Structure formats: structure tokens, C-alpha cells
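Trainee: Make a model of this:
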Amino acid sequence: MKKLFLFSIIISLSMMSINSYADKITIKGSPIVVEKQGEVYYVPSSTVVSSSPYFFSVNDTKQVCYSEAQPALANIDLGVMSFKMGNDIVKVHCYSYSPDYFVISSN
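Mentor: Modelled structure (predicted):
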């Protein structure tokens with residue numbers, strides 16, 4: 001009986017833990033450090049930038065940026081920012097990194 005009770009508690013706690021991550025957005029890797037020059041943030045030319053969402057560090061502040069606005073993230077909205085990636089200047093919608101909304105994966 002004791003084993004069954006402990007097993008039930010472990011399963012319940014595991015389920016609650018899974019639910020706490022269910023609604024969060026997973027961001028992979030470390031933020032790319034960018035520098036502002038004028039009105040544009042420059043991504044280092046040696047850096048390979050994957051597709052949206054982009055994960056940047058601007059003035060030691062982590063930001064998650066998307067090609068399109070994300071209404072679900074309106075509470076942490078920073079606005080539209082311009083980034084020079086290679087030869088292109090890309091305007092993206094950026095949001096302050098918050099562990100309430102995002103999870104960082106090392107993969």
C-alpha cells in the first residue's frame with residue numbers, strides 16, 4: 001500500500017511538472033550578442049542565424065524575436081527592431097526574455 005501511495009505521488013508531481021512547461025516556448029542555444037550602430041543591430045558575420053524565433057542579447061538583455069507579431073506575448077513586447085543579418089536588414093518583433101514564457105534548451 002505504501003509503495004502504491006508513493007508511486008501515485010511521484011506520478012502526480014511529474015504530471016504537474018510537465019504542465020508547467022507545456023505552455024512555454026522553447027528557445028535553443030545561447031543568445032547571439034548583437035551591437036547597435038545607429039538604428040540597426042548588427043549580427044556578427046561569423047554567426048549563423050537560424051529561422052524565427054531569433055534569440056539575441058542586446059546590451060546584456062535577452063530578447064526573443066519573431067518575423068511576425070506574437071499576440072500571446074503582448075505583455076512582454078519590446079516592439080519592432082531592425083537587425084542586419086548578412087547583407088539583409090530584417091525587421092522583427094522582439095520580446096523580453098522571461099522564464100514565465102520561455103524555456104532555454106541547450107540542444
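Trainee: Please enumerate the strands of the protein.
Mentor: All strands of the chain, identified by DSSP state E, fall at 25-28, 32-37, 40-42, 54-58, 61-66, 77-85, 88-96, 102-105.
Trainee: so can I have TSV of the ones you listed showing mean pLDDT and distance to Val48?
Mentor: (Glycine included, C-beta is placed from N, CA and C.) Shown next, in TSV, are those (pLDDT from 0 to 100; distance: least, C-beta to C-beta, whole Å):
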stretch	mean pLDDT	distance to Val48
strand 25-28	90	13
strand 32-37	93	9
strand 40-42	95	15
strand 54-58	93	12
strand 61-66	94	16
strand 77-85	92	10
strand 88-96	93	14
strand 102-105	91	17
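Trainee: Turn those into a markdown table, including mean neighbour count.
Mentor: Formatted as a markdown table, those follow (neighbours: other C-beta atoms under 10 Å):
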| stretch | mean neighbour count |
| --- | --- |
| strand 25-28 | 14 |
| strand 32-37 | 14 |
| strand 40-42 | 18 |
| strand 54-58 | 19 |
| strand 61-66 | 19 |
| strand 77-85 | 15 |
| strand 88-96 | 17 |
| strand 102-105 | 14 |
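Trainee: how near is the nearest residue to Ser82 once chain neighbours are set aside to Gly79?
Mentor: In space, Ser82 comes closest to Val40 once its chain neighbours are excluded; the distance is 4.8 Å by C-beta to C-beta, 6 or more residues apart in numbering. Plainly put, Val40 is 14 Å away from Gly79 if you go by C-beta to C-beta, to the nearest Å.
Trainee: now the nearest residue to Gly29 once chain neighbours are set aside: how far from Asp23?
Mentor: Spatial nearest neighbour of Gly29, excluding adjacent residues (C-beta to C-beta, 6+ apart): Phe55 at 6.7 Å. Per C-beta to C-beta, Phe55 is found 19 Å from Asp23.
Trainee: swap in Tyr42?
Mentor: 33 Å.
Trainee: what do you get for Thr47?
Mentor: Taken as C-beta to C-beta, the span from Thr47 to Asp23 is 30 Å.
Trainee: contacting residues for the closest residue to Lys62 other than its chain neighbours?
Mentor: Sequence neighbours aside, Tyr97 is the residue nearest to Lys62 in space, at 3.5 Å (criterion: C-beta to C-beta, 6+ apart). Applying C-beta atoms under 8 Å, 6 or more residues apart in numbering, we find Tyr97 in contact with 27, 31, 55, 61-64.
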